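Enquirer: give me a model of this one.
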Amino acid sequence: MPRPRTSTIEVTINQPCGRLVGPPGWSRPRAASLGLSDHELWLVWRGRGWMSDGRTRRTLGPGSLVWMRPGGIYDAGQDPEAPLGFTFIHFTPHTRPGIRPPDEHLGPVDLATVEPIMRRIVQLIARSDRRDWGQPANAPDAATRLLEGLLLDLIEPTTGGPINPESTLARVRRLGDELRIDPIAAPPIADLAQELHITAAHFSRLFKEAHGQSPQQFLIEARLDRARYLLRDTDMPVSDIADALAYPDPFTFSKQFKRFAGQSPRAYRNAARG
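Expert: From the prediction side, this is the model:
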């Protein structure tokens, strides 16, 4: 049974608030941190990137939640192959004495619950221009209450609450879905395991449980699925397809394709086109 809550938090929502997909070359410069005069909540809902406090560099991905505070350093950037999409809300908290915010870097959180809450808050806030930045947003009461409830769950989480982290297996299952969409830029298995704070061997066992095959086999098949599409539905030369799929040379690509598909890339293209 969840323990009763004794804390409360009140906030003033400030400008700006919004949703952003990082354009090419996007990054968060040091000046943005040095100029932070209030608190800022970030939720990443797509893409890959990183954030550094000057000492530690953390990976950002879907479900990453960051509670930035004045005086902190939050340099950030994105993978150009998978631009970050995130929701951001500026606010000033007014808490009772003794209430301490949680760690700055939170998550992964349950996107299916948290992302709609933050998106709704942003929808309720009128758009602003730079002259309004740092000023109260004149937020409707509904937006304020939604943010206060979310922050309270961060400060004093309840068992089974909406922002409880996903199980490791659920995270591995979701990660596989992301890798299937973009298998070319997949980081090494050791890096994926480190991101989940588990060993590479444990990651591989969980991955096979979630997806029915090893991470290596999964990535090979995901790349070959992309290759089949390019061979069947485009006129790209085999050498260009090998390059697009990050193979070291066309020979290596053709050898692997034939091993797993049972025929050469050219034979597959000819058969697919009748």
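
Enquirer: got the CA coordinates for the strand or helix carrying residue 31 in CSV?
Expert: Residue 31 is part of helix 30-34, with elements assigned from DSSP states H and E. C-alpha atoms of helix 30-34 as CSV (Å, rounded to 0.1, in the frame of the first residue of the first chain):
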residue,chain,number,x,y,z
ARG,A,30,27.2,26.5,-22.0
ALA,A,31,25.7,30.0,-22.1
ALA,A,32,22.2,28.5,-21.9
SER,A,33,23.1,26.9,-18.5
LEU,A,34,24.9,30.0,-17.2
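
Enquirer: quick check, distance from the longest helix along the chain to the centre of its chain.
Expert: In the chain, with assignment by DSSP state H, the single longest helix is helix 215-233. Distance of helix 215-233 from the chain centroid (CA atoms, centre = their mean, to the nearest Å) equals 23 Å.

Enquirer: name the helices or strands packed onto whichever helix or strand comes after that helix?
Expert: Using DSSP H and E, the helix or strand that follows helix 215-233 in sequence is helix 238-244. On a contact count with 3 or more CB pairs under 8 Å, 6 or more residues apart in numbering; DSSP states H and E, helix 238-244 meets helix 215-233, helix 250-261, helix 265-272. (Each C-beta comes from the backbone N, C-alpha and C, glycine too.)

Enquirer: what comes up buried for helix 238-244?
Expert: Across helix 238-244, burial judged by 16 or more other CB atoms under 10 Å covers 238, 241, 242.

Enquirer: show me what the mean pLDDT comes to for that helix.
Expert: Per-residue pLDDT over helix 238-244 has a mean of 90.

Enquirer: for it, give me every contacting residue.
Expert: 184, 227, 230, 231, 236, 249, 250, 252, 253, 254, 265, 266 (CB atoms under 8 Å, 6 or more residues apart in numbering).
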